[in-house]
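J.: after the sequence you'll find the predicted model.
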Amino acid sequence: MSTPRRTPAPPRERILAAAMEMIAERGLEKLTMAALGREVGMSSGHLLYYFRSKDELLLQTLEWSEGRLGAERARLLTGAAGARERLDAYVDLYVPDGHRDPHWTLWLEVWNRSQNADADARDRQAAIEGAWHRDLVALVEQGVSRTEFRAVDPDRFATRLRALLDGFSIHVAIGLRGTDRGTVLGHVREFLDESLLADA
């Protein structure tokens, strides 16, 4: 008598991509283990076996999404363009596409849940933040060394710029009136002109 063949679990990337797609199409509140299981043909119990909790699923989805963004960021930042043009590309990639941007919706939820997260989850979140910060510091350093930017402390400037970007990005992601993506990009570029461009 032949043994029944097991249906293999879908690859981890397919599960994470499905989770991100559900956030984009239906919103985070509709992303449950049961709904995601139906989407990928697995039971919610099976998903919990792999991810342990919804918090872990969300964090892994964020890490997967950030991996893709990181590759895009690396491509933009290693191009032949000047430092300012590459800085504008960094900002474009950072700021949400609009209200309920799925990547930023996920970030906001992970930030909210991190208040009660364990040390490992906090370290993984910090690693994501750190990658954005290191790339920005390196970019500002290049601009300063090539005299495209005035002399600023790259680490301090990057810290302040990312705080500005985070604040504006939250406003865009939640749909705060008067802070659409275009308006925000205009504010940020004006700030960069005032803060970085060398005096004529």
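T.: Structure's in. What do you need? Numbering: from 1, shown residues only.
J.: what about the residue nearest the centre of the chain, which helix or strand?
T.: By C-alpha atoms, centre = their mean, the mean C-alpha position of the chain lies nearest to residue 66, the distance being 5.1 Å. Element membership for residue 66, per DSSP states H and E: helix 54-77.
J.: what about the helix or strand just after that helix, average pLDDT?
T.: Per DSSP H and E, the first helix or strand lying C-terminal to helix 54-77 is helix 83-94. Per-residue pLDDT values across helix 83-94 average out to 96.
J.: for the helix or strand of the chain with the lowest mean pLDDT, C-alpha coordinates in CSV please.
T.: Lowest by mean pLDDT, DSSP states H and E among the helices and strands of the chain is helix 44-51, with a mean of 88. Provided in CSV are the C-alpha atoms of helix 44-51 (Å, rounded to 0.1, in the frame of the first residue of the first chain):
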residue,chain,number,x,y,z
SER,A,44,-3.2,28.7,10.2
GLY,A,45,-1.7,26.1,12.5
HIS,A,46,0.9,25.2,9.9
LEU,A,47,1.8,28.9,9.4
LEU,A,48,2.1,29.3,13.2
TYR,A,49,4.5,26.3,13.2
TYR,A,50,6.8,28.3,10.8
PHE,A,51,6.3,31.8,12.1
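J.: wait, residue 63 sits on residue 123?
T.: No. Counting by C-beta atoms under 8 Å, residue 123 is not a contact partner of residue 63; they are 11.8 Å apart. For glycine as for every other residue, the C-beta is placed from the backbone atoms N, C-alpha and C.
J.: looking at those two, which one has more neighbours?
T.: The neighbour count for residue 63 versus residue 123, taken as other C-beta atoms under 10 Å, is higher for residue 63 (16 against 11).
J.: with that, I have no additional questions.
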